[in-house]
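1. Below: sequence and its predicted model.
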Amino acid sequence: MDAGFVRVVASVAELDGGKLVEDTPKSRAGRRVVPIPPEIISDLRAHLDEFAEKGPDGRVFVGPKGGPLRRSGFRRTWNKVRKEVGLPDLHSHDLRHVGNTLAATTGASLRELMARMGHASTRAALIYQHASQNRDQVIAAALGEAFRSLGTAGSPRRARRRDRARSGHGSGKDLESRRAQV
């Protein structure tokens, strides 16, 4: 926790018959180290102190009595909490979706998102790369800054090209006649 990362090394799945199976994540990509924002470390530490299994190898999420977390116990608590906060249709996987969508809006590359989420395929990671108007504005501003840094936005050479294009000298017909001459 002090280093600011979470190491994902195992997962527990509850089979239809109720049997719990602990194993490594589904793919090699699922075993990973995920940096976490410093702003949430104190909340994570409080969660670990109050709710998690004790010890360095303790489970982060446990059932109400401290045993392994099961679907039925989680579902009861989840349903109660989401109603209390006014989000009755929220699914637990929606939290992963929001977190990964926010990570995508930071400008992370597809490969970086795949590593962070533990995805082995680009198909799964692409789900989280929603286009948003806010992100599109950030991209436009960055492009504008790139043009300004090159000093080309208002250059006389650019103005001559623009004026030439408007007068028809840069038209497709003019280009075709120049090609014919060559």
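-> Ah, there it is.

2. helices and strands around the longest helix anywhere in the chain, which ones?
-> Longest helix in the chain, counting residues (DSSP state H): helix 133-150. For helix 133-150, not one helix or strand is in contact under the criterion 3 or more Cβ pairs under 8 Å, 6 or more residues apart in numbering; DSSP states H and E. Where C-beta positions appear, they are placed from N, C-alpha and C, glycine not excepted.

3. Name the residues of that helix that come out as buried.
-> Of the residues in helix 133-150, R135 count as buried by neighbour count, 16 or more other Cβ atoms under 10 Å.

4. Please apply the same query to stretch 87-105.
-> 100-101, 103-105.

5. residues contacting M1?
-> By Cβ atoms under 8 Å, 6 or more residues apart in numbering, the contact list for M1 reads 41, 44-45, 48.

6. can you check P38 too?
-> Neighbour list for P38: G4 [criterion: Cβ under 8 Å, 6+ apart].

7. will you turn the contacts of M1 into TSV that also has pLDDT, secondary structure and distance to R135?
-> What follows is those, written out as TSV (pLDDT from 0 to 100; DSSP: H, G, I helix; E, B strand; the rest coil; distance: Cβ to Cβ, whole Å):
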residue	pLDDT	secondary structure	distance to R135
I41	92	helix	26
L44	91	helix	27
R45	92	helix	31
L48	92	helix	33
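
8. before we move on, the earlier item: could you list which of the buried residues of stretch 87-105 belong to helices?
-> Using DSSP H, these in helices are 100-101, 103-105.

9. Which member of those residues is positioned nearest P88?
-> T101 (21.2 Å; Cβ to Cβ).

10. Quick one: residues contacting the nearest residue to that closest one once chain neighbours are set aside.
-> Nearest residue to T101 in three dimensions, chain neighbours excluded: Y128, at 5.0 Å (Cβ to Cβ, 6 or more residues apart in numbering). Residues near Y128 by Cβ under 8 Å, 6+ apart: 97, 100-101, 103-104, 113, 117.

11. 7 Å instead, please
-> 97, 100-101, 104, 113 (Cβ atoms under 7 Å, 6 or more residues apart in numbering).

12. which stretches of this structure have low pLDDT?
-> 130-133, 152-182 (pLDDT under 70).

13. quick one: the helices in the protein?
-> Applying DSSP H to the chain gives helices spanning 41-50, 71-84, 92-105, 110-117, 122-126, 133-150, 156-166, 172-181.

14. ok so, going back, next, the angle helix 92-105 makes with the longest helix of the chain.
-> Orientation of helix 133-150 against helix 92-105 (axes from the mean of the first three to the mean of the last three Cα atoms, to 10 degrees) gives an angle of 10 degrees.

15. Export only the CA atoms of helix 133-150, formatted as PDB.
-> The C-alpha trace of helix 133-150 is given here as PDB (Å, rounded to 0.1, in the frame of the first residue of the first chain):
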ATOM      1  CA  GLN A 133     -17.100  15.400 -26.100                       C
ATOM      2  CA  ASN A 134     -14.900  16.400 -23.200                       C
ATOM      3  CA  ARG A 135     -12.100  14.100 -24.400                       C
ATOM      4  CA  ASP A 136     -12.500  15.300 -28.000                       C
ATOM      5  CA  GLN A 137     -12.100  18.900 -26.800                       C
ATOM      6  CA  VAL A 138      -8.900  17.900 -25.000                       C
ATOM      7  CA  ILE A 139      -7.600  16.300 -28.200                       C
ATOM      8  CA  ALA A 140      -8.500  19.400 -30.300                       C
ATOM      9  CA  ALA A 141      -6.700  21.700 -27.800                       C
ATOM     10  CA  ALA A 142      -3.600  19.400 -27.900                       C
ATOM     11  CA  LEU A 143      -3.700  19.600 -31.700                       C
ATOM     12  CA  GLY A 144      -3.900  23.400 -31.600                       C
ATOM     13  CA  GLU A 145      -1.000  23.500 -29.200                       C
ATOM     14  CA  ALA A 146       1.000  21.300 -31.500                       C
ATOM     15  CA  PHE A 147       0.300  23.700 -34.400                       C
ATOM     16  CA  ARG A 148       1.200  26.700 -32.300                       C
ATOM     17  CA  SER A 149       4.400  25.200 -31.200                       C
ATOM     18  CA  LEU A 150       5.400  24.600 -34.800                       C
END
